[in-house]
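[1] below is the structure, and that's it, no one-letter string:
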């Protein structure tokens, strides 16, 4: 099941993809990581999904990543006595702590932390930004807002606060319960929604304790203001363009996408581009030309992964959507401009032994036209440093850990294989050449470059390069 592309593909599971046969077809069509959206999944559904994916993994003998996406705080207004209510530009409206049904003058806001945090001049967006208000007067029980963009408001519409830093954690009680269930089920990645501050990421890391890696979803202006700190604490990043485009001007989102993608690559951390990538394929068997260009732009930028949401979870054509996205990525990666752009964005290696070795491996492999970079890794760190270089030869990663192999399913260019630790350096060369031949990365007589840390099995000890010939029947002795 070797993919013909370096960019990875994430697909969300949902009603359109709940049968085992459909999940199997999605994997065969090109999915590398499956996303389970905890906004719509009970703990029983989560466990069933993980069981399905692990069964397919065993069937095809290929590691598959699982991403559990936490819902995060859902901020909504209360209910109205006679919805919908029309609001006019310039009208004053009140958000308050009174649970009584609303009318044309006020509505309950069942979030005291918002009422306490809002200040005059702050913007309030309701219903995915369809209505825009500005705070004129504020106290902990009652906030008076003025309508800037008019329209109809009705029950339970979502509230966004682009200017307001909420004192509450990004983790709700539901999220904490879902996080524990996801860790117990054995997922590989946890996506944290509505990150505002580094402390939000630290809280999840403390609970996860390494059992899963943490992906921060960047969808709040407050997160962009502290981007460096959040990225430093995160294991991966997701550019969640939907919510980001609600709380920030739409025209700045493409620039932010590029900025985050390049920052993540510099740090050697996977970055995922998400939301509305092939949105029309929820209803149509073909995407729009603009959607194809959007996916292609993310691939040209060197994103580790692109993601399908409703297209595979609730759309009419989940398999076709995966096949289409996979073909777009393959076509981009065949384009002569692709390698030129990736090389142009390459930054100098960090002053560490692992980065120096990774940069040297890429340089040697490209100079000598070697067939693959074969990396031995315990934690996955070696593979991440090599992937940061975006080398032209493919990256074949060998590890003894199923957990590491599954996590690396998200990482650009990495094809992970689970095996045994070599006994010594010569054994490493034989095993690496053997797997490269068996996985069809190299033919007999061709060469690969091996990257490892000595002593073996020591995380973070990447310190060795070796060029090896692939034989006709490489086998480890004994």
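    Good, I have the coordinates. It should be emphasised that the depicted structure is a prediction, and the values quoted were computed from it without experimental measurement. Numbers count the residues shown, from 1 in each chain.
[2] what segments of the stretch 151-300 of the chain are helices?
    According to DSSP state H, counting those that start in this stretch, the stretch 151-300 of the chain carries its helices in the segments 173-185, 198-208, 221-225, 227-233, 241-247, 253-267, 289-300.
[3] what's the average pLDDT for the shortest one?
    So that's helix 221-225. Here helix 221-225 scores 94 as its mean pLDDT.
[4] doesn't residue 207 make contact with residue 180?
    Yes. Using Cβ atoms under 8 Å, residue 180 is in contact with residue 207, at 7.3 Å. C-beta: built from backbone N, CA, C; applies to glycine.
[5] which one of these two has more residues nearby?
    More crowded of residue 180 and residue 207, by other Cβ atoms under 10 Å: residue 207, with 16 against 13.
[6] which residue, other than its chain neighbours, is closest to the more buried one?
    residue 179 (5.8 Å; Cβ to Cβ, 6 or more residues apart in numbering).
[7] got the contact list for the one you found?
    Going by Cβ atoms under 8 Å, 6 or more residues apart in numbering, residue 179 touches 68, 70, 171, 190, 204, 207-208.
[8] got JSON lines for those residues, with distance to residue 86 and pLDDT too?
    Listed next are the contacts of residue 179 as JSON lines, based on distance: Cβ to Cβ, whole Å; pLDDT from 0 to 100:
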{"residue": "68", "distance to residue 86": "40", "pLDDT": "98"}
{"residue": "70", "distance to residue 86": "35", "pLDDT": "97"}
{"residue": "171", "distance to residue 86": "37", "pLDDT": "92"}
{"residue": "190", "distance to residue 86": "42", "pLDDT": "98"}
{"residue": "204", "distance to residue 86": "41", "pLDDT": "97"}
{"residue": "207", "distance to residue 86": "45", "pLDDT": "97"}
{"residue": "208", "distance to residue 86": "46", "pLDDT": "97"}
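[9] pick the one among the residues you listed closest to residue 308.
    residue 68 (16.4 Å; Cβ to Cβ).
[10] is it correct that the closest one is in contact with residue 46?
    Yes. Residue 68 sits in contact with residue 46 when judged by Cβ under 8 Å, with a separation of 6.9 Å.
[11] next, show the common contact partners of these two.
    Shared contacts of residue 68 and residue 46, counting by Cβ under 8 Å, 6+ apart, come down to 36, 38, 178, 182, 185.
[12] what's the local residue count around the residue lying closest to the second one once chain neighbours are set aside?
    Meaning residue 38. Excluding the flanking residues, the one nearest residue 38 by Cβ to Cβ, 6+ apart is residue 178, at 4.4 Å. Residue 178: 24 surrounding residues under other Cβ under 10 Å.
[13] if I pick residue 178, what's in contact with it?
    38, 43, 46, 68, 70-71.
[14] which residues does residue 159 bridge with?
    residue 126 (DSSP bridges).
[15] that one and residue 170, how far apart?
    Noted for residue 159: a distance of 16 Å to residue 170, by Cβ to Cβ, to the nearest Å.
[16] who has more neighbours out of those two?
    The residue with more neighbours, out of residue 159 and residue 170, is residue 170; 24 against 18, by other Cβ under 10 Å.
[17] mind listing the helices for the stretch 301-450 of the chain?
    Using DSSP H, counting those that start in this stretch, helices in the stretch 301-450 of the chain cover 310-313, 318-334, 336-344, 353-367, 381-388, 402-407, 425-438.
[18] let me have the ones you listed in TSV, extended by mean pLDDT and mean neighbour count.
    Formatted as TSV, the helices of the stretch 301-450 of the chain follow (pLDDT from 0 to 100; neighbours: other Cβ atoms under 10 Å):
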stretch	mean pLDDT	mean neighbour count
helix 310-313	97	26
helix 318-334	98	21
helix 336-344	95	13
helix 353-367	94	19
helix 381-388	95	27
helix 402-407	98	22
helix 425-438	92	20
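[19] now those as JSON lines including distance to residue 142?
    Formatted as JSON lines, the helices of the stretch 301-450 of the chain follow (distance: least, Cβ to Cβ, whole Å):
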{"stretch": "helix 310-313", "distance to residue 142": "37"}
{"stretch": "helix 318-334", "distance to residue 142": "46"}
{"stretch": "helix 336-344", "distance to residue 142": "53"}
{"stretch": "helix 353-367", "distance to residue 142": "55"}
{"stretch": "helix 381-388", "distance to residue 142": "50"}
{"stretch": "helix 402-407", "distance to residue 142": "48"}
{"stretch": "helix 425-438", "distance to residue 142": "67"}
